[in-house]
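Peer 1: pasting the sequence and the predicted coordinates here, then a few questions.
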Amino acid sequence: MPAASFFLRHPDPLTREVARAYAGGAFLMDNGDGLQFYTVPERALVPLTEAEGLHVPRRLRRDLKHFELRLNTAFPEVLAGCRGELPGSPPRDGQWISDELAAIYLQLRETGLAHSFEAWRGPELAGGVLGLALGGVFFAESKFHRVTNGSKAALIGLAEHLHARGFALLDAQIQNPHLATLGVQEVTGPVYRAQLKAALALNVGLEG
């Protein structure tokens with residue numbers, strides 16, 4: 001995958017704008033007031049390993065063996081699942097991924113900035129994580145499940161994959177009770193910005 005500088009200077013204006021905003025600590029959402037870049041005073045970071053604080057209960061660890069993990073094989077379906085529009089996925093409480101934002105994610109997938117990390121159970125897409133990869137950072141935008149533990153399998157598998165590929169940060173942006181059960185911790189803005197700057201300088205890739 002190209003270094004962060006490739007996307008920060010990308011010839012596509014949208015890709016360049018989004019990459020620069022995320023590199024500055026912002027993220028995209030549509031909270032009903034139109035599509036905007038947001039920042040929050042604390043950021044939720046997913047530990048990449050159990051040694052770093054990732055919490056994987058024994059029963060969940062056993063269940064993870066039943067999932068097959070894949071990268072970028074069903075991006076439109078993961079996007080639909082994150083919007084609550086994929087058959088079998090739970091309806092979403094609110095629709096922050098508007099039609100406009102969904103179209104942006106599809107364009108960013110074409111330019112290589114957006115990715116899907118998927119958990120499959122047999123022929124069925126069980127869950128997935130949608131996000132952006134920039135330098136050594138993966139910004140997890142949203143996740144979904146159609147099978148019990150499908151989203152957890154995708155997120156835990158993503159953390160392990162990122163660690164193996166040399167990434168430094170898995171940014172979940174905003175903490176919630178579900179993430180907290182996996183050991184996700186919040187850091188202050190100054191701490192986050194320092195870690196983000198260091199991670200953006202890494203020349204690593206998701207594939208390979």
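Peer 2: Received it, and whenever you're ready, just let me know what you need. Numbers count the residues shown, from 1 in each chain.
Peer 1: center of this protein - which residue?
Peer 2: With the centre of the chain defined as its mean C-alpha position, the nearest residue by CA atoms, centre = their mean is A140, 1.8 Å away.
Peer 1: double-check that one against A154; I have them as touching.
Peer 2: No: with contacts counted by CB atoms under 8 Å, A140 stays clear of A154, the gap being 9.6 Å. All C-beta atoms are positioned from the backbone trio N, CA, C, and that covers glycine.
Peer 1: overlap in contacts, these two.
Peer 2: With contacts taken as CB atoms under 8 Å, 6 or more residues apart in numbering, A140 and A154 have V129 as neighbours in common.
Peer 1: helix or strand right after the longest strand anywhere in the chain?
Peer 2: Longest strand in the chain, counting residues (DSSP state E): strand 124-134. Following the chain from strand 124-134 toward its C-terminal end, the next helix or strand by DSSP states H and E is strand 137-145.
Peer 1: residues in contact with that next one?
Peer 2: 22, 27-28, 46, 78, 81-82, 84, 86, 89-90, 97, 105, 115, 126-133, 150-152, 154-155, 158, 162, 167-173, 196, 199-200, 206.
Peer 1: starting from it, tell me which strands it pairs with and how they run.
Peer 2: When pairs are called by DSSP bridges, strand 137-145 turns out to pair with strand 124-134 (antiparallel), strand 169-173 (parallel).
Peer 1: nothing else from me, thank you.
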